[in-house]
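Colleague: Provided below are the primary sequence and the corresponding predicted coordinates.
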Amino acid sequence: MKLILRCLNVFFLLAGFGFVLKGIRLYTLDIDGTGVGIHLGPIEINDGVSKEEVPFYAVRFVWVGILLLVIPLISLIVRKVNHKKITL
């Protein structure tokens with residue numbers, strides 16, 4: 001059970017960092033045409049995003065990344081609190 005939780009925490013950390021980095025990359029992207037395609041790895045999110053909508057996607061990617069980074073932190077805090085309760 002501990003191994004599964006640790007693997008999930010590592011997955012959430014990596015996915016969170018990936019989403020945050022993608023959001024930052026989108027926000028600093030220089031768009032020359034009418035729009036851009038949004039991809040997350042091999043998955044196509046949206047093929048025709050206009051220049052005005054790119055910051056919206058960038059902010060959403062950062063927020064999802066932050067939420068994914070918070071999950072392992074909460075798990076760590078809960079484990080520490082439960083460990084202290086058991087040992088007292």
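Modeller: Received it, and whenever you're ready, just let me know what you need.

Colleague: quick one: mean pLDDT for the longest helix seen in the chain?
Modeller: Ranked by residue count, the top helix of the chain under DSSP state H comes out as helix 54-87. Mean per-residue pLDDT for helix 54-87: 88.

Colleague: and if you look at stretch 27-37?
Modeller: Per-residue pLDDT over stretch 27-37 has a mean of 83.

Colleague: list the contacts of it.
Modeller: 44, 46-51, 53-55, 58-59, 62 (Cβ atoms under 8 Å, 6 or more residues apart in numbering). C-beta coordinates here come from the backbone N, C-alpha and C atoms, glycine included.

Colleague: out of these, who's nearest Leu13?
Modeller: Nearest to Leu13 among these: Val62, at 15.5 Å, using Cβ to Cβ.

Colleague: nearest residue to the closest one in space, ignoring adjacent ones along the chain?
Modeller: Gly23 (3.6 Å; Cβ to Cβ, 6 or more residues apart in numbering).

Colleague: okay, now that neighbour: neighbour count?
Modeller: A count of nearby residues for Gly23, using other Cβ atoms under 10 Å, gives 21.

Colleague: who are the neighbours of the longest helix of the chain, in terms of helices and strands?
Modeller: Applying 3 or more Cβ pairs under 8 Å, 6 or more residues apart in numbering; DSSP states H and E, we find helix 54-87 packed against helix 2-27, strand 35-40, strand 43-50.

Colleague: for the residue nearest the centre of the chain, give me its contacts.
Modeller: The centroid of the chain falls nearest to Gly65 when counting by Cα atoms, centre = their mean (2.2 Å). Applying Cβ under 8 Å, 6+ apart to Gly65 gives the contacts Ala15, Gly16, Phe17, Gly18, Phe19, Val20, Leu21, Lys22, Gly23.

Colleague: touching, the third one and Leu69? I think so.
Modeller: Right, the one you point to is Phe17. Yes - counting by Cβ atoms under 8 Å, Phe17 does reach Leu69; the two are 7.2 Å apart.

Colleague: look up the pLDDT of the nearest residue to Ile38 once chain neighbours are set aside for me, please.
Modeller: Spatial nearest neighbour of Ile38, chain neighbours left out: Ile45 (4.2 Å); criterion: Cβ to Cβ, 6+ apart. Listed pLDDT for Ile45 reads 85.
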